[in-house]
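Chemist: Just need the structure, nothing else, for what follows:
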Amino acid sequence: MLTRKQYELLVYIDNHLRDHGISPSFDEMKEALNLKSKSGIHRLITGLEERGFIRRLAHRARALEVIRLPENSDDDAPETPNNVTSIASARKAPHRTATVPTAFAETGEAISLPLYGRIAAGTPIEALRDQSTMVQVPAALLGSGDHYALEVSGDSMIEAGILDGDTVLIQRCEQAHDGTIVVALVDDSEATLKRLKRGRGEVLLEPANARYETRALSPDRVRIQGRLVGLLRQY
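Modeler: Predicted coordinates:
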């Protein structure tokens, strides 16, 4: 049996992995569960890990994998807050982990995506549009819609678990909610991978590394090219 807070955290992590392709930060988990300190999140994660519901992936930032979900139905589950979806509802969508290796089971269905080139996760650079290079991606990692892949260059998103050399999987879109990690095209000439925020009539492109500054741009200078849905990493 899980405590109410353990259940809420498991639901939140599972939903975040599905929506963003990476596990949430400790600050995001603390805010979602209305806790006052990160130490409470550490205790909840340890409890979920000991009970076999999640696994911490070694040597990776923000890398949690949901191994299994409890058998609770909506009626049996502890009451969850408004910003957390129930486990039963979460089962309707395919499960995703924070990161997956480039090699996968031969029996798994694979999809070829165009690898457009290196996108900056530091100083923005122009995104390459070379469709001659393809990357094989497990179909279960992708949802509906059109997708492409980009190789990450730089370290400005390391606190979001996105490292230099990673391959990010992007779902094409022109709109995204605040807090979503997106490919943003600036001035129709340079593309960058950043977290999208909006405020005071500006578009904010926020890094996940304290050494980098958030860029504040007028909306007419920024076009959304897609949102992050997954990540591949080689070892």
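
Chemist: Phi, psi for Leu69 please.
Modeler: Torsion angles at Leu69 (phi, psi; degrees, to the nearest 10) stand at phi -110, psi 150.

Chemist: gap between it and Leu10?
Modeler: 7 Å (C-beta to C-beta, to the nearest Å). Where you see a C-beta, it was placed from the backbone N, CA and C, and this is true even at glycine.

Chemist: Compare the two (neighbour count), which wins?
Modeler: Using other C-beta atoms under 10 Å as the criterion, Leu69 and Leu10 rank with Leu10 on top: 25 against 16.

Chemist: List the buried residues for whichever strand or helix holds the more buried one?
Modeler: Using DSSP states H and E, Leu10 sits in helix 4-20. Buried residues in helix 4-20, defined by neighbour count with 16 or more other C-beta atoms under 10 Å: 5-20.

Chemist: what packs against it?
Modeler: The elements that helix 4-20 packs onto, with contact taken as 3 or more C-beta pairs under 8 Å, 6 or more residues apart in numbering; DSSP states H and E, are helix 26-32, helix 38-50, strand 64-66, helix 87-90.

Chemist: what about 10 Å?
Modeler: helix 26-32, helix 38-50, strand 54-56, strand 64-66, helix 87-90, strand 222-233 (3 or more C-beta pairs under 10 Å, 6 or more residues apart in numbering; DSSP states H and E).

Chemist: And these: which comes nearest Val203?
Modeler: Using C-beta to C-beta as the measure, strand 222-233 is the one of the helices and strands packed on helix 4-20 that comes nearest Val203, at 4.5 Å.

Chemist: List the strands paired with the closest one, with their directions.
Modeler: strand 100-101 (parallel), strand 167-171 (antiparallel), strand 181-186 (antiparallel) (DSSP bridges).

Chemist: quick check, distance from the second one to the centre of its chain.
Modeler: A distance of 10 Å separates the centroid of the chain from that of strand 167-171, by C-alpha atoms, centre = their mean, to the nearest Å.

Chemist: Alpha carbons of that strand, as PDB, please.
Modeler: Output of strand 167-171 as PDB, limited to C-alpha atoms (Å, rounded to 0.1, in the frame of the first residue of the first chain):
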ATOM      1  CA  THR A 167      19.300  13.100 -29.300                       C
ATOM      2  CA  VAL A 168      16.000  14.800 -28.500                       C
ATOM      3  CA  LEU A 169      12.700  13.700 -30.100                       C
ATOM      4  CA  ILE A 170      10.500  16.600 -31.100                       C
ATOM      5  CA  GLN A 171       6.800  16.600 -32.000                       C
END
